[in-house]
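Novice: Attaching a predicted model along with its sequence, questions to come.
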Amino acid sequence: MTETTSITVAHGDGIGPEIMTSTLDILSEAGAKLDIETIEIGEKVYKKGVMSGIDDASWDSLRRTKCFLKAPITTPQGGGFKSLNVTIRKSMGMFANIRPCVSYHPFVKTTQPVMDMVIVRENEEDLYAGVEYQQTDNVAQALKLISRTGSERIIRYAFEYARIMGRKKVSCISKDNIMKMVDGLFHRVFDEVAKDYPEIETNHWIVDIGAARIASKPDQFDVIVTENLYGDIVSDIAAEVSGSVGLGGSSNIGAKGAMFEAIHGSAPDISGQGIANPSGLLHGAILMLQHIGQAKTAQNIHNAWLKTIEDGVHTGDIASAEHTKVKVGTEDFTKAVMERLGQLPEKMTPVTYGDVEHDHCIAISEVVLPKKMNKELVGVDVFLNWLGSNHPSELASKINALNIKDLELEIISVQGLKVWPEAFDDFKISDHWCCRFLKKDGTAVCNDNIIELLSTLKSNNLDFVKTENLYNFDSKRGYTVAQGQ
Ligand code: NAD
């Protein structure tokens with residue numbers, strides 16, 4: 001007999017309470033064994049002055065149950081309020097966002113009749129780490145941080161997911177033709193991990209054509225694994241073309257807990273009218289049931305839902321003259337799904353999560369730091385906030401006139417483009433100049449040489465705003481060369 005699982009539930013804002021009531025009613029009717037702790041998050045909590053939208057008592061519940069079914073919330077306009085989703089994901093180490101994107105042709109209008117893909121998005125790294133700096137009047141910077149350990153964990157998760165869910169192919173999406181170090185690392189780790197799953201077909205897409213192909217030929221995709229930003233973009237494209245922004249659910253998985261939700265927001269424009277479609281949150285709950293060892297119940301609910309849709313019982317957001325037999329509100333849609341529990345769809349393919357209760361928990365690989373490489377300091381990039389004539393040769397002459405030991409100026413670049421020496425154009429309007437100093441032949445340099453260099457620059461009124469040490473790792477260059485170099 002299945003044991004009862006404790007979960008934390010938040011009814012959210014806008015249409016949240018309506019779709020959560022519907023979802024919990026269907027779960028209860030289907031016999032899901034849940035012990036529910038209810039917490040309050042979102043608008044009311046923000047308005048009490050808790051800038052994260054979640055208070056300490058709610059954190060206690062999340063830490064206890066480690067399983068969160070969350071209705072959408074409204075993020076108040078104006079500064080200072082932090083994104084609740086980002087806070088929960090980061091605090092609970094939820095590194096994986098899983099979003100199935102399916103089209104329900106011909107019952108739900110879609111431009112893409114054949115589509116059944118799952119997007120596995122890395123959730124913690126990349127530009128979303130939010131490490132940003134204003135460096136000069138003209139230039140701001142965001143750091144894109146990708147780690148081998150973070151890449152390996154999400155990529156392995158995607159392959160394990162494919163294996164457990166019986167999927168045939170995993171596609172990697174990156175932009176490693178441009179970002180050879182960060183995206184190159186992600187792609188390389190993908191190729192390495194793929195070797196452990198020979199039964200699964202693999203391929204790689206550059207994000208621009210990959211995103212276009214998801215929109216135009218989604219049947220070419222099965223499981224997609226990608227970095228945070230690309231995942232954010234392609235999962236919305238996929239949801240949109242499947243015709244089901246109001247239908248999709250997603251899960252956020254980590255070692256310290258998991259969160260399940262609809263992909264849409266709190267829809268304040270239709271709140272309180274009893275017309276919201278509860279399907280997105282219900283799909284989130286179906287993912288949750290698989291995660292907590294109630295796969296048979298998940299299968300029963302999912303098949304009842306498919307039968308409801310193919311019987312033409314639709315809420316207003318997906319209703320169409322051709323395919324809708326009865327247009328219903330939230331409550332009647334809920335009843336229609338409950339009446340069909342135990343039935344299978346006849347035209348669409350039924351889902352098969354198993355006829356006994358078990359879990360679809362995907363193994364989370366341990367984080368193991370890579371083997372230590374031989375790291376050699378070979379120079380430094382010093383970014384100067386310099387307002388001279390905009391002729392970089394003037395800046396180069398100024399620097400070359402200084403007494404700098406063991407390091408020499410190799411190039412000057414602006415936003416990655418070489419502007420000195422022998423550049424196409426010896427004039428570039430900028431206040432942000434990257435001066436690359438490399439060790440002189442036959443010398444070895446250490447951080448003391450860099451400190452000395454910075455001290456010399458400072459005493460000659462050259463304002464450095466950032467430095468990046470240049471290393472070789474196992475004799476291989478650990479930095480890119482400038483365009484035009
Ligand atoms: P939204 O997803 O709430 O609504 C977009 C459109 O889709 C609206 O016209 C809405 O009526 C419709 N819609 C959405 N869900 C529906 C459903 N289940 N049934 C029928 N129609 C549905 O996006 P928005 O309007 O940009 O955002 C509203 C609020 O939701 C904002 O405060 C935003 O910050 C928040 N939001 C929260 C989450 C979350 O909690 N995970 C996600 C996205 C947006």
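Specialist: Arrived safely.
Novice: For the residue of the stretch 101-250 of the chain found nearest the ligand, grab phi and psi.
Specialist: Nearest to the ligand, among the residues of the stretch 101-250 of the chain, is G246, at 4.0 Å (CB to the nearest ligand atom). Bear in mind the C-beta positions are built from the backbone N, C-alpha and C, glycine included. Main-chain torsions, G246, degrees, to the nearest 10: phi -80, psi 0.
Novice: Now do the contacts for it.
Specialist: Neighbour list for G246: 264, 277, 279-280, 315, 317-318 [criterion: CB atoms under 8 Å, 6 or more residues apart in numbering].
Novice: CSV for these, including distance to the ligand, secondary structure and pLDDT?
Specialist: What follows is those, written out as CSV (distance: CB to the nearest ligand atom, whole Å; DSSP: H, G, I helix; E, B strand; the rest coil; pLDDT from 0 to 100):
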residue, distance to the ligand, secondary structure, pLDDT
H264, 4, coil, 91
N277, 4, coil, 96
S279, 7, helix, 97
G280, 5, helix, 96
T315, 6, strand, 95
D317, 4, helix, 92
I318, 8, helix, 92
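Novice: which residue ranges form the helices in the stretch 51-200 of the chain?
Specialist: Secondary structure of the stretch 51-200 of the chain by DSSP state H, counting those that start in this stretch: the helices cover 56-65, 84-91, 148-164, 182-194.
Novice: just to revisit the earlier point, can you tell me which of the contacts of G246 lies closest to P100?
Specialist: Lowest distance from P100 to the contacts of G246 (CB to CB) belongs to G280, with 11.3 Å.
Novice: residues near that closest one, how many?
Specialist: Counted by other CB atoms under 10 Å, the residues lying close to G280 total 25.
Novice: Kindly report the same for K439.
Specialist: 20.
Novice: how near is it to the ligand?
Specialist: Relative to the ligand, K439 is positioned 51 Å away (CB to the nearest ligand atom, to the nearest Å).
Novice: which residues touch that residue?
Specialist: 377-379, 406-407, 445, 449.
Novice: Tell me the bridge partners for R99.
Specialist: Beta-bridge pairing for R99 (DSSP bridges): I119.
Novice: wait, it sits on E261?
Specialist: No - with contacts counted by CB atoms under 8 Å, R99 stays clear of E261, the gap being 10.4 Å.
Novice: shared neighbours of those two, which are they?
Specialist: 249-250.
Novice: From R89, how far off is M51?
Specialist: 17 Å (CB to CB, to the nearest Å).
Novice: of all of the chain, which residue lies closest to the ligand?
Specialist: Nearest residue of the chain to the ligand, counting by CB to the nearest ligand atom: G265, 2.5 Å away.
Novice: Might you enumerate the residues of the stretch 251-400 of the chain proximal to the ligand?
Specialist: Residues of the stretch 251-400 of the chain lying near the ligand by CB under 6 Å from any ligand atom: 261, 264-270, 276-277, 280, 317.
Novice: where does the stretch 201-350 of the chain have low pLDDT?
Specialist: Low-confidence segments of the stretch 201-350 of the chain, defined by pLDDT under 70: 244.
Novice: Where do the strands of it begin and end?
Specialist: Along the stretch 201-350 of the chain, the stretches classed as strands by DSSP state E, counting those that start in this stretch are 201-206, 223-226, 249-254, 257-262, 313-315, 326-328.
Novice: circling back: identify the spatial nearest neighbour of the residue of the chain closest to the ligand, chain neighbours not counted.
Specialist: Nearest non-adjacent residue to G265, counting by CB to CB, 6 or more residues apart in numbering: P72, 4.9 Å away.
Novice: thought Q485 was touching I412?
Specialist: No - contact criterion CB under 8 Å: Q485 and I412 do not qualify, at 10.8 Å.
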